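> sequence first, then the predicted structure, then my questions.
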Amino acid sequence: GVGGLAFGSMWPLLVVLASELFGLQHLSTNYLFYDGCCAAIGTVIMANILPTAFYNAALPHSNATHAETNSALTAEFLASAACFGPDCFGTTHKIIASLCGGGALAATLLSWRSAPFFRAGIQD
């Protein structure tokens, strides 16, 4: 719900943000950087590398040793290697929530700093 709303409302604003911050001369390049590169890099790090690292760290050491010696992963091993809840993903969630909070703070500061510019444009 809220995550989808935030995600869907942010991407259209990137065109405006890129044009306001960097001008219209290289808008397509700047927008491609924000829309393509940042989204791809963020997705790989936040949805793949970070959760996998904390998930593997939360698994018992004996399961990791068993996985190295048993190339055919059995259902028994997979059941014993399962990790659920805050023990596995709590730290990942805190890191991503902190980054979201930092992004919200940066957006607030950007809005605050650019307000005089836009107020001057309205009064003209």
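Noted; the coordinates are in hand. Numbers count the residues shown, from 1 in each chain.
> before we move on, what SS does residue 24 have?
coil (DSSP: H, G, I helix; E, B strand; the rest coil).
> distance of it from residue 31?
11 Å (Cβ to Cβ, to the nearest Å). All C-beta atoms are positioned from the backbone trio N, CA, C, and that covers glycine.
> cool, and residue 54?
33 Å.
> likewise for residue 116?
Counting by Cβ to Cβ - residue 116 and residue 31 are separated by 25 Å.
> which one's more surrounded, the two?
Between residue 116 and residue 31, counted using other Cβ atoms under 10 Å, the more crowded position is residue 31 (17 against 9).
> quick one: residue 92 and residue 57 touch, right?
No. Using Cβ atoms under 8 Å, residue 92 is not in contact with residue 57, being 10.4 Å away.
> please say which of these two ends up with more neighbours.
residue 92 (18 against 11).
> contact partners for that one?
Counting by Cβ atoms under 8 Å, 6 or more residues apart in numbering, residue 92 touches 50, 51, 54.
> same list, those residues, but as TSV with secondary structure and neighbour count please.
Formatted as TSV, the contacts of residue 92 follow (DSSP: H, G, I helix; E, B strand; the rest coil; neighbours: other Cβ atoms under 10 Å):
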residue	secondary structure	neighbour count
50	helix	17
51	helix	18
54	helix	18
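> residue 44: which of those residues is nearest?
Residue 44 has its nearest neighbour among the contacts of residue 92 in residue 50, at 9.5 Å by Cβ to Cβ.
> okay, that closest one and residue 33: tell me how far apart.
22 Å.
> how many residues are close by residue 30?
Residues lying near residue 30 (other Cβ under 10 Å) number 19.
> sec struct for it, please.
Residue 30 ends up helix, using three-state DSSP.
> is it true that it touches residue 22?
Yes. With contact defined as Cβ under 8 Å, residue 30 reaches residue 22; the gap is 4.8 Å.
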